[in-house]
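> give the three-dimensional model of this entry:
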Amino acid sequence: MNLLGVMEVSGSALQAERIRAEVVAANMANAETTRTADGGPYRRQHVVFTSEAPQESFGGQLLATSGETDQRVGGVRVDAVVADQGSPLRRYDPGHPDADKDGYVSYPDINPLTEMVDLMGATRAYGLNSSAVQAEKGMLTASLEILK
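Okay, the predicted model is just below:
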């Protein structure tokens, strides 16, 4: 893998982890939402990652014109954001506007601890990929200095 390929992989991971953090934030913000446009309580969202098929990169095009072979790289992307299919939590609150005839209200099954662990994982993965991009920038800069 060439240096430009590392940048592409880390860039795709940065974008995927940003989306993951946004989904976790939406889950936390809607932890008490009892009524959505669909009529029921908010459902926790999960991010599904998948590997990205290698694409022809700028570096690959340069290598192709020089007659060298390119080891094309892929990356990661968000395949889907899916709703949790678990049943909502039912709490007794007869004064709530969304209470059923028995006085129970359906709340999203969102655990703040689980969401915080997911957010910490996304933050750490984002930071590690950012460090990889910075290290690669340093390598590219050093390579250009050597070529001077």
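> roughly how far does residue 20 sit from residue 34?
Counting by C-beta to C-beta, to the nearest Å, the gap from residue 20 to residue 34 is 25 Å. C-beta here means a position set from N, CA and C on the backbone, and glycine is covered the same way.
> compare the two (neighbour count), which wins?
Ranked by neighbour count (other C-beta atoms under 10 Å), residue 20 and residue 34 place residue 20 first, with 22 against 19.
> in the chain, which ranges drop under the pLDDT threshold?
Counting by pLDDT under 70, the ranges of the chain that qualify are 1-3, 54-73.
> can you tell me which residues contact the residue nearest in space to the middle of it?
Using C-alpha atoms, centre = their mean, the residue of the chain that lies closest to the mean C-alpha position is residue 20, 2.7 Å off. Listed by C-beta atoms under 8 Å, 6 or more residues apart in numbering, the contact set of residue 20 reads 47, 78, 118, 122.
> neighbour-wise, give me the winner out of those.
Within the contacts of residue 20, most neighbours by other C-beta under 10 Å means residue 122, with 21 neighbours.
> so it is in which element?
For residue 122, the host element (DSSP states H and E) is helix 112-147.
> flag every buried residue along that helix.
Under the neighbour-count criterion of 16 or more other C-beta atoms under 10 Å, helix 112-147 has 115, 118, 119, 122, 125, 126, 129, 132, 133, 136 buried.
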